[in-house]
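Undergrad: Structure for this input, please:
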Amino acid sequence: MIEFGHLTHVGLRRELNEDTYYGDSELGLWLVADGMGGHEYGEVASALAREVIVREIRHGKPLALAIRIADEEIIGASRRRSDALPMGTTVVAARVSGTRFEVAWVGDSRVYLWRAGKLAQLSQDHSYVQELISQGSISVDQARTHPQRNVVTQALGVTDPQSLNVETMSGEFTAGMQLLLCSDGLTEEVDDTGISRVLAHTECSAQECVDGLVAAALDRGGSDNVTVVLVRKL
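TA: Model (predicted):
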């Protein structure tokens with residue numbers, strides 16, 4: 001049995017919400033996409049990613065392939081519009097089947113696993129600051145305030161398809177575990193300790209936890225669109 005909660009908020013400093021999300025227990029698919037490109041382009045790219053991935057999963061395609069097809073369609077749509085700048089989007093998606101999960105991501109939207117009272121970040125950001133962290137040039141704390149912390153190194157619609165890195169991971173998903181998918185509007189404002197504090201309230205519903213996480217991001221400034229999806233195995 002799956003319970004999930006979901007919420008997106010424009011934040012306190014943006015006029016347009018370029019995030020989107022999807023959740024379907026029957027299909028066993030959840031995703032968050034964070035669009036980029038200015039004007040309405042980011043909104044178009046994230047919505048197109050959502051639509052294509054859902055369609056391809058319904059047609060039986062594997063998760064990583066569905067994401068690559070979405071990338072191709074975003075590039076095609078951008079070309080047809082003759083845009084001066086390509087539109088792009090991050091994506092993080094999860095599939096649950098029985099007692100197993102699979103996650104895939106491109107960009108800096110994240111997926112976390114809550115298991116046995118501990119939070120683990122499954123995804124690794126495709127971002128400039130993550131590269132600096134991996135090189136040992138800066139710390140995780142320094143990355144939180146780095147002036148280029150929002151620069152992604154991979155995105156659907158922007159990265160050359162030959163170089164697109166759709167990373168995947170799979171594992172066990174049993175009673176009491178939770179998968180958290182979110183845009184960087186959450187993680188920019190709320191650190192892992194803050195996220196853990198909310199997810200530890202297992203007496204709350206998944207939706208109440210999601211509402212609490214979004215409220216925490218807004219309380220800390222809400223500098224970006226914030227989207228949170230929480231999938232819980234009962």
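
Undergrad: Tell me where this structure has helices.
TA: Along the chain, counting by DSSP state H, helices occupy 41-58, 63-81, 128-135, 140-145, 184-187, 192-199, 206-219.

Undergrad: out of those helices, deepest packed?
TA: Highest mean neighbour count of the helices of the chain: helix 184-187, a mean of 25 (counted as mean count of other C-beta atoms under 10 Å). For every residue, glycine as well, the C-beta is placed using N, CA and C.

Undergrad: Residues contacting stretch 8-16, please?
TA: Applying C-beta atoms under 8 Å, 6 or more residues apart in numbering, the contact partners of stretch 8-16 are 17, 19-21, 40, 42-43, 185, 214, 217-218, 221-228.

Undergrad: quick one, which of the helices of the chain is nearest to residue 156?
TA: Judged by C-beta to C-beta, the one of the helices of the chain that comes nearest to residue 156 is helix 63-81, at 4.4 Å.

Undergrad: Now do that closest one: which elements does it pack against?
TA: In terms of contacts (3 or more C-beta pairs under 8 Å, 6 or more residues apart in numbering; DSSP states H and E), helix 63-81 is packed against helix 41-58, strand 88-97, strand 100-106.

Undergrad: which other helices and strands contact the second one?
TA: For strand 88-97, the contact count by 3+ C-beta pairs under 8 Å, 6+ apart identifies strand 29-36, helix 41-58, helix 63-81, strand 100-106, strand 110-115, strand 178-182, strand 226-233 as packing neighbours.

Undergrad: okay, and for this protein, where does confidence drop off?
TA: Applying pLDDT under 70 to the chain flags residues 38-40.

Undergrad: Report back the residue of it that's furthest from centre.
TA: Using C-alpha atoms, centre = their mean, the residue of the chain lying farthest from its centre is residue 82. It sits 27.6 Å away.

Undergrad: any idea how far residue 26 is from it?
TA: With the distance defined as C-beta to C-beta, to the nearest Å, residue 82 ends up 39 Å from residue 26.

Undergrad: Could I get the contacting residues of residue 59?
TA: The contact partners of residue 59, by C-beta under 8 Å, 6+ apart, come to none.

Undergrad: Same check on residue 95?
TA: When contacts are counted by C-beta under 8 Å, 6+ apart, residue 95 touches 28, 29, 57, 63, 101, 102, 103.
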